[in-house]
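# Sequence and predicted structure below; questions after.
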Amino acid sequence: MTIYAESSAILAWIFGETAGESVRTALGEADLVVTSDLSLIECERALIRATTLGEISEAEATDRRAVLRSAARHWVTLALDDEIQARAKRPFPGEPIRTLDAIHIATLLAGLTAVPGLRMLSLDTRVRASAGELGVGVLPA
């Protein structure tokens, strides 16, 4: 199984949310995980926000960063290149789609050109719906 890990799923996993368990399972079972530079940026920003708001300690954030970085070393991370940016500027099924979500969907589509059968791992309702309408398998089920 090959998956595109979108930030909502990754964040649920690294923050230990209930849905994070199914994300952890999917990541563990995947033969290949593809993500975007955007996902890693969004995760870092979420950790900064959580520490700033006092939701987690800096030590907890450091531990979660280490877990994410360890996993991400084994993932293929796609850059926000011209092709992805151009595709993100065009409509997707299920509009309106937020800007960062459009970038994730565009990155998924770019990944599909290199990795047929790539599935979207996301907890975001609009991202999941749009990917499904594009004929992409969506996880968790």
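Great, that's in hand.
# May I have the distance across stretch 91-99, first residue to last?
11 Å (CA to CA, to the nearest Å).
# Ok, stretch 115-128 next?
19 Å.
# before we move on, what about stretch 68-78?
16 Å.
# Please give the number of neighbouring residues around residue 27.
By other CB atoms under 10 Å, the residues close to residue 27 number 20. For glycine as for every other residue, the C-beta is placed from the backbone atoms N, C-alpha and C.
# correct me, but it touches residue 33?
Yes. Counting by CB atoms under 8 Å, residue 27 sits close enough to residue 33 to count as a contact (6.1 Å).
# Which residues are in contact with each of the two?
3, 5, 71 (CB atoms under 8 Å, 6 or more residues apart in numbering).
# Can you say which of those residues are buried?
3, 5, 71 (16 or more other CB atoms under 10 Å).
# What are the phi and psi values at the residue lying farthest from the centre of the chain?
No residue in the chain sits farther from the centre than residue 54, which is 24.5 Å out by CA atoms, centre = their mean. Backbone torsions for residue 54, taken as degrees, to the nearest 10, come to phi 80, psi 20.
# repeat for residue 81
Per degrees, to the nearest 10, the backbone of residue 81 is at phi -80, psi -180.
# Burial check on it, number of neighbours?
That count, for residue 81 with other CB under 10 Å as the rule, works out to 11.
# dump the residue contacts of it.
residue 110.
# now the strands for this structure?
Taking DSSP state E, the strands of the chain run over residues 2-5, 32-36, 76-78, 119-121, 138-139.
# could you dump the ones you listed to JSON lines with mean pLDDT and distance to residue 131?
As requested, these are exported to JSON lines (pLDDT from 0 to 100; distance: least, CB to CB, whole Å):
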{"stretch": "strand 2-5", "mean pLDDT": "98", "distance to residue 131": "8"}
{"stretch": "strand 32-36", "mean pLDDT": "98", "distance to residue 131": "13"}
{"stretch": "strand 76-78", "mean pLDDT": "97", "distance to residue 131": "15"}
{"stretch": "strand 119-121", "mean pLDDT": "98", "distance to residue 131": "4"}
{"stretch": "strand 138-139", "mean pLDDT": "97", "distance to residue 131": "5"}
